[in-house]
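> Next comes the sequence, and after it the predicted model I'd like to discuss.
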Amino acid sequence: MEKELKVAALRNGTVIDHIPADKLYKVVFMLHLDTCDNQITIGNNLESAKIGKKGIIKISGKVFAEDETNKIALIAPNAKINIIKDFQVIEKRPLSLPDEIHEIVQCNNPNCITNHQNIPTFFQVIKDENDTMLKCHYCERLIKLEEVKIK
Amino acid sequence: MSNRSLVSISDYNKEEILEILDAAADFEANPNRSTLKGKVIATLFFEPSTRTRLSFETAVLRLGGSVIGFSDAATSSSVKGETLNDTIRMVSCYADAIVMRHPFEGAARYAAEISPVPIINAGDGANQHPSQTLLDLYSILKTQGTLENLKICVAGDLKYGRTVHSLIMAMSYFHPTFRFIAPEELKLNEEYRIFCLMNNIPFEETTELNDNINDADILYMTRVQRERFQDLMEYERVKNVYTLKNSMLENTKPNLRILHPLPRVSEIAPDVDKNEKAYYFQQAQNGLYIRQAIISKVLSV
C-alpha cells in the first residue's frame, strides 16, 4: 500500500519529524531557519497517531552538525532527525542533550546577571539517572527541563 | 584571565579550604604585616554592605595595602549606565585585585571571566558569599578543635539563606550530621536535600527549635526575614518560635557554640549574649583573619 506524503519528499538534506505542533516555530528559530537560504519545507498541524498534531521540517541540501540538532532535545526531545541522501535515509540520528548549552536558553532567575546585562548565557547540563537539569554557569540556579525558556 | 578568583565556595577543594583556615590562624596570631605594601585593592560595592566592606578594607590595611573603590552604586559610574564589563575592565587597570559585592546573582562569575586581575566575591545577590562560609568554618574549627564528625543544627531561613547553602556544601568534606530546623515556608530547598543524600550526609528536618538543640555541637542561626512571608500573622508566630532564649541553652552540651552570620533581628534574645556559648561576635572578628588569608592567596603573597 502506498503511503500518501503530505509534504514533498527530499532528495538531500535533513528531516526533523515528530515535532509537537506548538514547538515547531521554536525549532525553526533555534536552528536559525528564518535566515537560512536553503530550500525549506515546513508542515505543521499534521495528524500524528503518536502525538496528535505534529510539525515537520525538511531542509534541503543541509546536514546539521550534531551539536546543532542536539539543541532540539531541549524543546522537542522526542523529535526524529533523519539525514537524507538520494531520497534514502542514511542516518537516523538519536537526540541527546549536549553537555553545555550556550546562548539559546534564557535563565529563569530574574535576578541573574544575564537577564540584566548583555551577557551570553551558558548552562551546564546535569544528567543523573532520574532527572536532567540545566545549571546556570553564572547564578548557579538549577532549571528543570520542562521549565526551560528558549530565548 | 585569572583562575585565582574566589567566586563560589565550590571553587576551593578540601585542601584549599584547609590551607585558608591554617593561614587565618597565622593572621590571627600576627594580623599586622606589610605583605601587601605597594598593592592596591579595589572594593566595588554595587550594593551597600558596611560590615563586609569594612572587614575586607581592614584586612587590606592591616597588611600594608591601599584601598580604592565605592560603597554604593549610587556613587559609581554604573548609575550613568556603565556596564559591569566596562567597570571591571577600567578598575582592573588600577587595582591588583577586586573585591566585589553585586545585587545580581552571577555577577562575580562574569567579572572573574573578563577581569585580568583576581576577583573576590563579597556576595552576588542571593547566590554566593564565600568569605562568610570560610569564616563560619574557621569559627567551627576554632571552637570545636576539629571540623570532623560534628552535629550541626541549622535554624531559621533555610530556603533563601545563602550562608546555609554554602555551609552545607563546604562542610560536606568533613562528615557532619545536620538537623535542619525551619518553618514549613522556609524549609531547606530540595536541591540541598538532594545534595546531602548524594554525598551521604545524614540529616533530619524539624520545625521546632525547643529541645532539638540539646545534642548539637554547633547551632547556626539565621535571620527570618519578614518579607519572605505573605501572611504577617504567620510571620509573628514563626518569629516567636525561632527566638533563641538563654533558658533554652540549659540542657545543651558544654562545647555547644552559637553562630549567626549577623545582623540579627529577634532570633537571638539579648540575654544569650553573655552566655559563653554565644560566639557570633567573635565569629565576625574571625572574618578579618579569613579575609587576610583570602586576599593573600589570590595575590600569592
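Nice, I can see it. Residues are numbered from 1 along each chain as shown, chains lettered A, B, ... in the order given.
> What helix or strand is B:A111 located in?
Using DSSP states H and E, B:A111 sits in helix B:107-114.
> Can you give the distance of that helix from its chain's centre?
19 Å (CA atoms, centre = their mean, to the nearest Å).
> Report the buried residues of stretch A:12-31.
A:12-21, A:23-24, A:26-28, A:30-31 (16 or more other CB atoms under 10 Å in any protein chain shown). (Glycine included, C-beta is placed from N, CA and C.)
> now, which of the residues you listed lie within helices?
Counting by DSSP state H, those place A:24, A:26-28, A:30 in helices.
> what's the closest of those to chain B?
A:M30 (23.0 Å; CB to the nearest CB).
> which residues does that closest one contact?
A:71-72, A:74-75, A:104, A:150 (CB atoms under 8 Å, 6 or more residues apart in numbering or on different chains).
> Tell me which of those residues has the lowest pLDDT.
Ranked by pLDDT, these bottom out at A:I150, which has 84.
> nearest spatial neighbour of it, skipping sequence neighbours?
A:K26 (5.5 Å; CB to CB, 6 or more residues apart in numbering or on different chains).
> Which residues in stretch B:256-268 does the neighbour count mark as buried?
In stretch B:256-268, counting by 16+ other CB under 10 Å, buried: B:256-262, B:264, B:267-268.
> Quick one: end-to-end distance for that stretch.
Using CA to CA, to the nearest Å, the end-to-end distance of stretch B:256-268 comes to 15 Å.
> distance between it and the chain's centre?
13 Å.
> ok, whichever residue of the stretch 201-301 of chain B sits closest to chain A to B:Q128 distance?
Nearest residue of the stretch 201-301 of chain B to chain A: B:E227, at 14.3 Å (CB to the nearest CB). In this view, B:E227 and B:Q128 are 21 Å apart by CB to CB, to the nearest Å.
> Neighbour count: those two, which is higher?
More crowded of B:E227 and B:Q128, by other CB atoms under 10 Å in any protein chain shown: B:Q128, with 29 against 7.
> Tell me the spatial nearest neighbour of the residue minimising distance to the centre of chain A, not counting adjacent residues.
Centroid-nearest residue in chain A: A:I72, 1.8 Å away (criterion: CA atoms, centre = their mean). Here the nearest residue to A:I72 in space, its sequence neighbours aside, is A:A79; by CB to CB, 6+ apart that works out to 5.4 Å.
> what's near enough to touch that neighbour?
A:16-19, A:27, A:72, A:95.
> Distance to B:Q292 added to those residues, as TSV?
What follows is those, written out as TSV (distance: CB to CB, whole Å):
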residue	distance to B:Q292
A:I16	58
A:D17	62
A:H18	60
A:I19	57
A:V27	54
A:I72	51
A:L95	51
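> nearest to B:T206, of these?
Nearest to B:T206 among the contacts of A:A79: A:L95, at 43.9 Å, using CB to CB.
> Based on its surroundings, how many neighbours for the closest one?
18.
> B:D26 sits in which helix or strand?
helix B:14-29.
> Packing partners of that helix?
The contact analysis (3 or more CB pairs under 8 Å, 6 or more residues apart in numbering or on different chains; DSSP states H and E) places helix B:14-29 against helix B:130-144, helix B:280-298.
> what's the most buried one of the ones you listed?
helix B:130-144 (a mean of 24; mean count of other CB atoms under 10 Å in any protein chain shown).
> one step back: could I get the helices and strands packed on helix B:14-29 as TSV with distance to B:I120 and mean pLDDT?
Below are those laid out as TSV (distance: least, CB to CB, whole Å; pLDDT from 0 to 100):
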stretch	distance to B:I120	mean pLDDT
helix B:130-144	7	98
helix B:280-298	6	97
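> Compare the ones you listed and give me the one nearest B:P176.
Of all those, helix B:130-144 comes closest under CB to CB, at 9.3 Å.
> which is the next helix or strand following the closest one?
strand B:151-155.
> Can you give me the pLDDT of the closest residue to B:K159 other than its chain neighbours?
Spatial nearest neighbour of B:K159, excluding adjacent residues (CB to CB, 6+ apart): B:L186 at 4.5 Å. On the pLDDT scale, B:L186 is placed at 90.
> which element follows the helix holding B:D26 toward the C-terminus?
Downstream of helix B:14-29 (by DSSP H and E), the next one is strand B:40-45.
> quick check: domain ranges of chain A?
With automatic domain parsing as the criterion, the domains of chain A are listed as A:13-93, A:100-150.
> tell me the contacts of the spatially closest residue to B:L188 that is not a sequence neighbour?
What sits nearest to B:L188 in space, not counting adjacent residues and going by CB to CB, 6+ apart, is B:L158, at 4.1 Å. B:L158 makes contact with B:164, B:180, B:182, B:186-189, B:192, B:222, according to CB under 8 Å, 6+ apart.
> same question, B:V272
Per CB under 8 Å, 6+ apart, neighbours of B:V272: B:244-246, B:249, B:258, B:278.
> Quick check: B:V238 touching B:E185?
Yes - B:V238 is in contact with B:E185 according to CB atoms under 8 Å; the separation is 7.5 Å.
> Looking at the two, which is more packed in?
Neighbours were counted for B:V238 and for B:E185 using other CB under 10 Å; B:V238 has more, 23 against 15.
> To which secondary structure element is that one assigned?
Going by DSSP H and E, B:V238 is in helix B:232-241.
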